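S.K.: Here is my input, please return the structure:
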Amino acid sequence: MKKQLFIFFSCIALLLSCEEEINQSVCEIQKSKDVYEYPIKPGSNEWKQLNSSKEKISVCQIPEDILIDMSTDGLIESVLNNPLFGEIYLGVYPQHGFNLFYNNFNGVQALLQRKDVAAKLLDRYNQMSPSCSKNNWPSLNGAGSNNNYAFSFIEILIAQHLVLKQVVDNQETTIFLQRVINKYEDKIINNYSIVGLEYSMLICGRIMYLSNHASFIEEYNNNEDINWFVDSAFAVDMNTLNIIYDYVNKFLEKNK
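M.R.: All right, here's what the predicted structure looks like:
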């Protein structure tokens with residue numbers, strides 16, 4: 001009897017192990033082969049010897065001869081890997097921080113000029129699941145690494161006007177919004193904090209704004225919290241996100 005129980009539980013353990021392995025393999029992000037490897041990274045002795053922000057910015061550039069031939073997929077991953085991406089949170093507000101990152105990094109400047117940037121960012125975004133542990137914001141590993149940041153960094157890239165203008169101009173607004181809403185609802189189920197939720201609604205708010213969605217434009221003009229969030233990428237509270245969530249669901253219902 002004990003032997004039978006041992007075999008039974010061993011089989012259960014094996015099945016669970018296999019299931020976990022399958023789930024994790026599904027969660028893996030497919031990486032382009034031409035991702036740029038930054039020669040000096042945080043935590044290394046070389047990084048510790050850099051004495052100023054200017055020096056750090058300098059070693060985090062992508063050489064122009066590599067940049068010009070890099071695929072958009074490789075460029076997206078290289079931007080996400082940039083050791084200074086996390087410093088967007090050191091700005092006065094996140095959009096201000098992103099603007100500083102943009103001004104200081106040739107890779108993100110090149111990326112946002114690519115004609116396929118919106119489509120390629122959506123491809124990368126589609127590979128990410130709120131329930132996975134391997135979505136990774138690549139620059140942040142180990143302590144402090146979590147899915148809230150994995151999503152916030154790619155979503156603030158997607159939320160830039162140069163990207164969203166492609167979405168609106170290509171008449172892919174409804175598809176794009178539905179994908180973002182699906183991710184947002186999955187994040188709610190998986191207990192994401194406002195850090196991991198807010199940029200989903202930032203994308204939605206900016207798309208509706210760029211689409212001249214009349215009722216949302218009126219809300220933007222009359223609600224200081226919505227106005228501030230759409231412009232600054234900083235949500236005052238969850239109520240701000242809930243308001244945009246309601247608007248985007250009405251928008252999707254109307255445009256089925």
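S.K.: Output the below-cut-off pLDDT ranges for the protein.
M.R.: The model of the chain has pLDDT under 70 over residues 1-27, 133-146.
S.K.: Show me the residue sitting in the middle of it in space.
M.R.: Ile154 (1.8 Å; CA atoms, centre = their mean).
S.K.: The helix or strand containing that one: how far from the chain's middle?
M.R.: Using DSSP states H and E, Ile154 sits in helix 147-158. In terms of CA atoms, centre = their mean, to the nearest Å, the centre of helix 147-158 is set 2 Å apart from its chain centre.
S.K.: Give me the packing partners of whichever helix or strand comes after that helix, helices and strands only.
M.R.: Using DSSP H and E, the helix or strand that follows helix 147-158 towards the C-terminus is helix 161-169. Judged by 3 or more CB pairs under 8 Å, 6 or more residues apart in numbering; DSSP states H and E, the packing partners of helix 161-169 are helix 117-126, helix 194-210. Any C-beta I mention is one placed from the backbone N, CA and C, and that applies to glycine too.
S.K.: Just send those helices back as CSV, with mean neighbour count and distance to Phe85 too.
M.R.: Below are the helices and strands packed on helix 161-169 laid out as CSV (neighbours: other CB atoms under 10 Å; distance: least, CB to CB, whole Å):
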stretch, mean neighbour count, distance to Phe85
helix 117-126, 19, 15
helix 194-210, 24, 13
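S.K.: For Asn51, find the nearest of those helices.
M.R.: Nearest of the helices and strands packed on helix 161-169 to Asn51, taken as CB to CB: helix 194-210 at 30.8 Å.
S.K.: what's the angle between the closest one and helix 161-169?
M.R.: Here helix 194-210 runs at an angle of 50 degrees relative to helix 161-169 (axes from the mean of the first three to the mean of the last three CA atoms, to 10 degrees).
S.K.: need the next SSE after helix 194-210, C-terminal direction.
M.R.: helix 214-222.
S.K.: Just the residues contacting the helix holding Ile154, thanks.
M.R.: By CB atoms under 8 Å, 6 or more residues apart in numbering, the residues outside helix 147-158 that reach it are 76, 79-80, 85-86, 88, 94, 98, 108, 111, 118, 121-122, 124-125, 128, 130, 132-133, 135-137, 140, 163-164, 180, 183, 187, 190, 192-193, 195-196, 198-200, 202-203, 233.
S.K.: Same question for stretch 103-110.
M.R.: Here stretch 103-110 makes contact (CB under 8 Å, 6+ apart) with 36, 57, 60-62, 64, 67, 70, 75, 78-79, 82, 84, 101-102, 157.
S.K.: What subset of the residues you listed is buried?
M.R.: Among the contacts of stretch 103-110, those buried by neighbour count (16 or more other CB atoms under 10 Å) are 36, 57, 60, 62, 67, 70, 75, 78-79, 82, 84, 101-102, 157.
S.K.: Can you flag which of the residues you listed belong to helices?
M.R.: With DSSP state H as the criterion, helices contain 57, 67, 75, 78-79, 101-102, 157 from among those.
S.K.: Okay, buried residues for the helix or strand hosting Asp246 please.
M.R.: Using DSSP H and E, Asp246 falls within helix 238-254. Residues of helix 238-254 classed as buried: 240-241, 243-245, 247-248, 251 (neighbour count, 16+ other CB under 10 Å).
S.K.: rewinding a little: in a markdown table: the helices and strands packed on helix 161-169, plus distance to Asn221.
M.R.: Formatted as a markdown table, the helices and strands packed on helix 161-169 follow (distance: least, CB to CB, whole Å):
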| stretch | distance to Asn221 |
| --- | --- |
| helix 117-126 | 26 |
| helix 194-210 | 10 |
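S.K.: which stretch among these comes nearest Ile175?
M.R.: Closest to Ile175 of those is helix 117-126 (CB to CB; 8.5 Å).
S.K.: just checking, what packs against the closest one?
M.R.: Counting by 3+ CB pairs under 8 Å, 6+ apart, the packing neighbours recorded for helix 117-126 are helix 72-81, helix 147-158, helix 161-169, helix 173-189.
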